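**Q** My questions are about this predicted structure, shown below with the sequence.
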Amino acid sequence: MSLSSVRPDARELVFHLFARSVHPELLDVRAEAEIWQDNYAVSLKLCDAGHVVSLRIRGETVTEVTSAREHPLPQTCQLLEERIRGSQQGSIDFDNGVKYHASYQLEQLDPEVFLNVHQELIRDSRSAAVAFTFPTVGRFDPAPLSLITTDSWSDSLLVNAFHTFPENGAVVKTQSLFEF
């Protein structure tokens, strides 16, 4: 199987935010983890095109998804749908008091810089909340990597996701802060 059939082109990724859960069977989940605190729970999933972060708090669910543009996702309760290019950010205040802030970017890097960043992310993946290394296509390309790191407190959750796309020389980075 070629990488292009597993992982989409990095330039085709879309950042979504939903005020609901997204059924896991809609995405090809490769690795996952759960975090439980006294007042919330978060599900972290790594998928072919990116990730799913689903926060459950105060009877509500907020779900962030990065996916391929052509990948069908529900439109119901979708609050944000933006193609990932350059650097972007957004914030939403929910009725239940949760404040959500996100920044997301696509970085196209020179080959040497990409390899350095990729090596740093491999090291970071050892202590990540969840990480997955995809199969490599060529003998000389590094294997694509996805990882999520978190910092959780009783009143907030910080989620950083990184996805490497060696065929594009690209890294997708997202940072999401949930304040309660």
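**A** Looks like it came in fine. In this text, all values refer to a predicted model and were calculated from it rather than measured experimentally.
**Q** pLDDT wise, what is residue 99 at?
**A** Per-residue confidence at residue 99 stands at 98 (pLDDT).
**Q** What of residue 6?
**A** Taking residue 6 on its own, its pLDDT is 78.
**Q** ok, longest helix in the chain?
**A** The helix spanning the most residues in the chain, taking DSSP state H as the definition, is helix 111-125.
**Q** could I get the very next helix or strand once past it in PDB with only the CA atoms?
**A** Note on helix 111-125: by DSSP states H and E, the next helix or strand toward the C-terminus is strand 130-133. C-alpha atoms of strand 130-133 as PDB (Å, rounded to 0.1, in the frame of the first residue of the first chain):
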ATOM      1  CA  VAL A 130      -0.500   9.100  22.100                       C
ATOM      2  CA  ALA A 131       1.700   8.600  19.100                       C
ATOM      3  CA  PHE A 132       1.700   6.600  15.900                       C
ATOM      4  CA  THR A 133       4.300   5.900  13.200                       C
END
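**Q** what about the protein, any weak spots by pLDDT?
**A** For the chain, applying pLDDT under 70 flags the ranges 1-5.
**Q** Spell out the residue ranges of the strands in it.
**A** Ranges of strands in the chain, per DSSP state E, are 13-18, 29-36, 40-47, 51-57, 60-68, 78-83, 87-93, 99-108, 130-133, 145-152, 156-165, 170-179.
**Q** neighbouring strands for the shortest one, and are they parallel or not?
**A** Neighbouring strands of strand 130-133 in its sheet, by DSSP bridges, are strand 145-152 (antiparallel).
**Q** Can you point out the buried residues in the strand it pairs with?
**A** Buried residues in strand 145-152, counting neighbours by 16 or more other Cβ atoms under 10 Å, are found at 145, 146, 147, 148, 149, 150, 152. For every residue, glycine as well, the C-beta is placed using N, CA and C.
**Q** In the chain, which residue is most central in space?
**A** Residue closest to the average C-alpha location in the chain (Cα atoms, centre = their mean): residue 51, at 3.5 Å.
**Q** what's the closest non-adjacent residue to it?
**A** residue 161 (4.8 Å; Cβ to Cβ, 6 or more residues apart in numbering).
**Q** Repeat that for residue 130.
**A** Residue 130 sits nearest to residue 33 (Cβ to Cβ, 6+ apart), 4.0 Å away.
**Q** List the residues that contact the one you found.
**A** Contact partners of residue 33, counting by Cβ atoms under 8 Å, 6 or more residues apart in numbering, are 43, 44, 129, 130, 148.
**Q** I figured the second one hits residue 51, correct?
**A** Yes. Residue 44 lies in contact with residue 51 (Cβ atoms under 8 Å); the separation is 7.1 Å.
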